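Trainee: heads up, no residue letters with this:
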């Protein structure tokens, strides 16, 4: 693969930073991810810089497709770690200031996905990105 640059730096090693690092591996010889927190090597653990990491997150269909394109089989890995398949139309009830969700005009298939903690999703994405030799996570 022809790389257009030698080094790229990503500030922040959460989900967005990790995904940016993965995409940058296609264009740069080295990708550094600078994260102020420290990661726990044994699994998904709380980080002070991510207060929402205990919240349930769901990955809708398009997000699943993007993650699978970047990391084939990540869905199976998340499911093996405890993620739960669900549909926001049939399995969740929530009320926002704009009203109840889901909105009746949303096609049900768009709302198929899986639910897991932000912590698990971020950890699994980081594990996948760390497999790229040119990516270095700089913690602390």
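Mentor: Looks like it came in fine. Keep in mind it's a predicted model, so treat the numbers as computed, not measured.
Trainee: for residue 53, which non-adjacent residue is closest in space?
Mentor: residue 119 (4.2 Å; Cβ to Cβ, 6 or more residues apart in numbering). C-beta: built from backbone N, CA, C; applies to glycine.
Trainee: the one you found contacts residue 46, correct?
Mentor: Yes - with contact defined as Cβ atoms under 8 Å, residue 119 counts as touching residue 46 (6.7 Å).
Trainee: intersection of neighbour lists for those two?
Mentor: 53, 54 (Cβ atoms under 8 Å, 6 or more residues apart in numbering).
Trainee: neighbour-wise, which of the two wins?
Mentor: residue 119 (19 against 13; other Cβ atoms under 10 Å).
Trainee: all strands for the protein, in order.
Mentor: 5-11, 28-35, 56-59, 84-87, 94-96, 99-101, 112-117, 135-139 (DSSP state E).
Trainee: pLDDT below threshold where in this protein?
Mentor: 1-3, 101-110 (pLDDT under 70).
Trainee: and the longest helix anywhere in it, what does it pack onto?
Mentor: Among the segments of the chain that qualify as a helix by DSSP state H, the longest is helix 118-129. Helices and strands touching helix 118-129, by 3 or more Cβ pairs under 8 Å, 6 or more residues apart in numbering; DSSP states H and E, are helix 15-24, strand 56-59, helix 74-80.
Trainee: kindly recompute the last result at 6 Å.
Mentor: Under the contact criterion of 3 or more Cβ pairs under 6 Å, 6 or more residues apart in numbering; DSSP states H and E, helix 118-129 touches helix 15-24.
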